[in-house]
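A.B. asks: Got a sequence here, can you build the structure:
(one chain, ligands or ions: 1)
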Amino acid sequence: MREGTDVVILGAGIAGTVLAAVLARGGARVEVLDAGRHPRFAIGESTIPHTSTLFRLLAERYDVPEIKHLATFHGARAHVSANHGIKRGFNFHWHEPGARQDPELAHQLPIPSIMHTETHFLRADLDHWVMRVARKYGAVVREGVRVTGVGLGESGVTVTTDDGATVRARFIVDAGGFRSVLASQLDLRDEPCRFRHHSRSMFTHMEGVVPWERIAACNPGPVRGSQSTLHHVFDGGWIWVIPFGNHPRAGSDLVSVGMTVDPRKHPRRDVPAGQEFREFISAFRTSATSSRTPAPPATGSPPAASSTRRRARPATGGRSRCTPPGSSTRCSPAVCRSPWTGSTRSPGACWTHCGRTTSPSSGSLPSNG
Ligand SMILES: Cc1cc2nc3c(=O)[nH]c(=O)nc-3n(C[C@H](O)[C@H](O)[C@H](O)COP(=O)(O)OP(=O)(O)OC[C@H]3O[C@@H](n4cnc5c(N)ncnc54)[C@H](O)[C@@H]3O)c2cc1C
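C.D. replies: Numbers count the residues shown, from 1 in each chain. Next up is the predicted model:
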């Protein structure tokens with residue numbers, strides 16, 4: 001049994017590693033345990049100004065200057081990795097299957113240049129880098145170790161792992177994402193869920209995706225489509241396109257492509273996720289993602305599929321434990337509160353519609369992917 005840890009953090013994703021860096025910088029003895037190994041595939045790649053503001057606040061409040069690099073695209077590209085993409089806006093395009101996209105049915109929310117530019121984070125690089133920052137400040141990060149149980153006592157916690165070790169600590173933070181051990185063990189999730197919604201997602205990374213401005217008849221605003229987070233909306237679902245290689249000094253041609261559909265309109269079929277994914281993409285190929293077939297997925301192959309539904313529970317903290325929202329809730333990307341930033345993604349108040357400024361047209365457009 002290992003003693004002497006103040007905080008044990010379950011999960012070395014972006015939430016766990018940023019917290020580990022902050023706590024270790026402040027002098028706490030921190031141990032992070034993760035079942036996987038960096039670098040590894042993850043989604044959740046597109047930031048909004050609120051995300052970046054929180055990174056800046058964390059950096060200043062807890063004196064971890066490295067976190068500030070994550071607050072702008074230029075900082076992330078210079079200090080973290082050239083594989084991140086630039087994000088200057090949000091695009092929304094309505095599609096009919098097989099038809100050319102009607103530019104009248106498009107919106108763009110540019111990010112005001114007076115603020116800064118947002119980022120399309122290649123999470124494999126981002127999470128790996130933040131883990132190294134946490135280590136630099138003294139956090140112990142153990143990869144390839146699965147937490148199998150947590151004992152909560154009066155004076156602290158006992159964590160058991162699949163390699164037979166036991167870690168004792170004063171506090172535990174479960175940043176294990178939707179596989180949260182504590183949420184399952186303490187029954188922190190509503191079953192059945194009070195806020196059930198209908199969505200399922202498929203996602204992967206692709207190469208050879210043609211930039212949107214080479215396909216679209218008209219760009220709805222001042223920002224090039226390929227430098228936006230693109231949302232291609234259709235009846236019963238939407239496809240997100242998040243390019244990483246969209247700037248002159250890009251280190252990668254990868255594009256994150258995924259979709260969320262309503263199973264009532266698009267029921268799950270008994271075919272592999274990769275096949276279903278390609279069928280959706282080809283229904284909108286002339287207009288949505290690419291004018292030619294994308295190269296095979298570069299990572300995350302075959303496309304991962306998941307059902308998402310909102311799980312909510314008011315109490316996520318206790319005497320010696322904390323489960324951030326990512327662990328106690330699981331939700332559709334269109335409506336979720338991002339667990340690593342706490343931000344609710346919303347489309348904003350003002351849109352340019354092919355050059356004209358309009359109000360958000362209806363509740364039917366999803367928010368950021
Ligand atoms: C379809 C979709 C699209 C999204 N798009 C966006 C977006 O555009 N922008 C945005 O800000 N957010 C987005 N999100 C949300 C984003 O993905 C999450 O907020 C983010 O990945 C959560 O990071 P995390 O560190 O909390 O968890 P994760 O990245 O999931 O990390 C959890 C870690 O815990 C480890 N772990 C789990 N169980 C155990 C165990 N028992 N023992 C040891 N280790 C364990 C895992 O190996 C993993 O490394 C999206 C989410 C979805 C589902």
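
A.B. asks: Let me see the mean pLDDT of stretch 80-95.
C.D. replies: Throughout stretch 80-95, pLDDT has a mean value of 95.

A.B. asks: hang on, R37 is in a helix, isn't it?
C.D. replies: No - applying DSSP: H, G, I helix; E, B strand; the rest coil, one finds R37 to be coil, outside a helix.

A.B. asks: If you drop the residues flanking it in sequence, what lies closest to it?
C.D. replies: E143 (4.4 Å; C-beta to C-beta, 6 or more residues apart in numbering). All C-beta atoms are positioned from the backbone trio N, CA, C, and that covers glycine.

A.B. asks: residues near that neighbour, how many?
C.D. replies: By the criterion of other C-beta atoms under 10 Å, E143 has 14 neighbours.

A.B. asks: show me what contacts it?
C.D. replies: Contact analysis of E143 by C-beta atoms under 8 Å, 6 or more residues apart in numbering lists A12, D34, G36, R37, H38.

A.B. asks: so which pair among the residues you listed is furthest apart in space?
C.D. replies: Maximum pairwise distance in these, criterion C-beta to C-beta, is 9.0 Å, between A12 and R37.

A.B. asks: Just want to know which of those two has more residues nearby.
C.D. replies: Using other C-beta under 10 Å as the criterion, A12 and R37 rank with A12 on top: 29 against 11.

A.B. asks: Please give me every residue in contact with the closest residue to the more buried one other than its chain neighbours.
C.D. replies: Distance criterion C-beta to C-beta, 6+ apart; nearest residue to A12, sequence neighbours excluded, is D34 at 3.7 Å. Counting by C-beta under 8 Å, 6+ apart, D34 makes contact with L10, G11, A12, G13, G16, V141, R142, E143, G144, V145.

A.B. asks: One more: I9?
C.D. replies: G16, L19, A20, V30, E31, V32, L33, I172, V173, A175.

A.B. asks: among these, which ones are buried?
C.D. replies: Judged by neighbour count, with 16 or more other C-beta atoms under 10 Å as the criterion, the buried members of the contacts of I9 are G16, L19, A20, V30, E31, V32, L33, I172, V173, A175.

A.B. asks: tally of neighbours for C218?
C.D. replies: Per other C-beta under 10 Å, the neighbour tally for C218 reads 13.

A.B. asks: Would you confirm that it belongs to a helix?
C.D. replies: No - counting by three-state DSSP, C218 is not found in a helix; it is coil.

A.B. asks: And the residue nearest to it when sequence neighbours are not counted, how far from the ligand?
C.D. replies: Distances taken as C-beta to C-beta, 6+ apart place P103 nearest to C218, at 3.6 Å, with adjacent residues excluded. According to C-beta to the nearest ligand atom, to the nearest Å, P103 stands 25 Å off from the ligand.
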